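> show me the folded form of this:
(2 chains)
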2 protein chains.
Amino acid sequence: MQIAIVLFDRFTALDAVGPYETLGRLPDATTVFVAERSGPVRTDTGSLALTADRTLAEVPAPDLVVVPGGPGQTAQMDNPVLLDWLRAADLTSTWTTSVCTGSLILAAAGLLRGRRATSHWLALDHLRRFGAEPAEERVVTDGKYVTAAGVSAGIDMGLTLLGRIAGDEHAQAVQLLTEYDPQPPYDAGSPHKAPAHLVERFRAGSRFSSTGSR
Amino acid sequence: MQIAIVLFDRFTALDAVGPYETLGRLPDATTVFVAERSGPVRTDTGSLALTADRTLAEVPAPDLVVVPGGPGQTAQMDNPVLLDWLRAADLTSTWTTSVCTGSLILAAAGLLRGRRATSHWLALDHLRRFGAEPAEERVVTDGKYVTAAGVSAGIDMGLTLLGRIAGDEHAQAVQLLTEYDPQPPYDAGSPHKAPAHLVERFRAGSRFSSTGSR
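Model (predicted):
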């Protein structure tokens, strides 16, 4: 089994590393980071780069595709190289997945039409523009399409997929090894739990705030 | 404020990326990934590399130091270049921190003597060999020394530190932006919750299992 995790300029690191740290521990699978060009790819903060070891063209038919999100997602929604690669990879993939606003890239490629899907909470409604049905859930599975909510939700998606692919016990083993027993010091991780003024501030300042924006 | 996240061969990616994704969003701070040599540094699985933009020598006095863990930690406990750098950086740091078995590196540098500290659950008892007092908690703060449990605990540590440094509201804002509202599909993230046979299997196979090992 081959797992391809897509990188692009200004992606959010944890979107990619959450699935990597879980799915990357699948037995009998190889994980490869891919991008339009191989080499280091900078994250949204600019202070970190992850290496894409292969170009998209070099990995044409992965079994499992992971598309992260982040501010750079907007530009990728108009990138024919990535969109064409996703459409082609999706023809033979067993699982086509995303984290955070990566689902908008899948949607822009036409892969989520008529599907239930999720995204970062600030971007969720924008899935409708591409014919997807927004679902406000942590991890949404519709057929072979699995989408995760914002950033850290990729860890939950990775464990969910591990269970589906390798069985509950393997997923539990990876959860134990990564000591994923979360104890956040605050309870502000969703727009329903965070202080309302923070939610409003982010909605007002978001690149998804004005009609027609992405 | 300067945040230095240390990389070394065969570190665990999420150990470093959890604190990065949270602390890296501290206002008026710069984050820099450092290693003995600059350039790509491979993780424990071999399928991912993160870029160290600076050498240790180029970043002699960060305000906040983060040391990740992973299988490569064993070799680093005998690496005088890293240990000397940690001792020197610690003289002027405001916070000296670790995730997972990174605490064993801090301990080997002599920085945790007489301190309460945590580590990956498989390695926790080994802190005693260096005069530290093992504490089975998700995030342990003893003075300026903050240590996190295994792998994913670095996210909780990052939010904890954000709250201490920039205030509760900023930490909540970062939790909301990273949508850190964990919903693991299993409840197996600690040795007290996971199936006992998995815990035993990992204890038996661990590099920390035999007396005197690290």
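> any idea what the nearest residue to A:Pro62 once chain neighbours are set aside is bridged to?
Excluding the flanking residues, the one nearest A:Pro62 by C-beta to C-beta, 6 or more residues apart in numbering or on different chains is A:Ala4, at 3.6 Å. Every residue, glycine included, has its C-beta placed from N, CA and C. Beta-bridge partners for A:Ala4, by DSSP bridges, are A:Val32, A:Val65.
> how many neighbours does A:Ala4 have?
By other C-beta atoms under 10 Å in any protein chain shown, the residues close to A:Ala4 number 24.
> over to A:Pro71?
A:Pro71: 15 neighbours (other C-beta under 10 Å).
> report the separation between A:Ala117 and chain B.
From A:Ala117 across to chain B, the span is 15 Å (C-beta to the nearest C-beta, to the nearest Å).
> sticking with the nearest residue to A:Thr141 once chain neighbours are set aside, tell me its helix or strand.
In space, and not counting its chain neighbours, A:Thr141 is closest to A:Thr160: 7.4 Å by C-beta to C-beta, 6+ apart. Using DSSP states H and E, A:Thr160 sits within helix A:153-166.
> measure how far the very next helix or strand once past that helix is from the centre of its chain, please.
Next in sequence after helix A:153-166, counting helices and strands by DSSP H and E, comes helix A:168-177. Put simply, helix A:168-177 sits 21 Å off its chain's centre (C-alpha atoms, centre = their mean, to the nearest Å).
> flag every buried residue along helix A:168-177.
Judged by neighbour count using 16 or more other C-beta atoms under 10 Å in any protein chain shown, the buried positions of helix A:168-177 are A:170-177.
> need the residues you listed in CSV (columns: pLDDT).
Shown next, in CSV, are these (pLDDT from 0 to 100):
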residue, pLDDT
A:His170, 97
A:Ala171, 98
A:Gln172, 98
A:Ala173, 97
A:Val174, 97
A:Gln175, 98
A:Leu176, 98
A:Leu177, 97
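> can you give me the buried ones in stretch A:53-62?
For stretch A:53-62, by 16+ other C-beta under 10 Å, it's A:53, A:56, A:59, A:62.
> that stretch: end-to-end distance?
End-to-end distance for stretch A:53-62: 14 Å, by C-alpha to C-alpha, to the nearest Å.
> before we move on, what about stretch A:186-193?
Length of stretch A:186-193, first residue to last, C-alpha to C-alpha: 10 Å.
> any part of that stretch near chain B?
Yes. Contact of stretch A:186-193 with chain B (C-beta under 8 Å from any C-beta of the partner chain) involves A:186, A:188-191, A:193.
> which pair in these spans the largest distance?
Farthest pair in the residues of stretch A:186-193 next to chain B (C-beta to C-beta) is A:Tyr186 and A:Pro191. Separation: 14.1 Å.
> how are the helices of chain A distributed by residue range?
If DSSP state H is used as the criterion, the helices of chain A fall at A:13-23, A:73-76, A:80-92, A:102-108, A:153-166, A:168-177, A:196-205.
> now A:Val151: how far from B:Ala171?
15 Å (C-beta to C-beta, to the nearest Å).
> repeat for A:Thr12
Separation of A:Thr12 from B:Ala171 (C-beta to C-beta): 18 Å.
> what mean pLDDT does stretch A:204-214 have?
Stretch A:204-214 comes out with an average pLDDT of 68.
> got a pLDDT number for the closest residue in space to A:Thr43 that isn't next to it in sequence?
Computed as C-beta to C-beta, 6+ apart, the closest residue to A:Thr43 that is not its neighbour in sequence is A:Ala13, at 4.5 Å. Predicted confidence (pLDDT) for A:Ala13: 98.
> who's in contact with A:Ala13?
A:43-45, A:48, A:50, B:17, B:20-21 (C-beta atoms under 8 Å, 6 or more residues apart in numbering or on different chains).
> fine, thanks again, bye for now.
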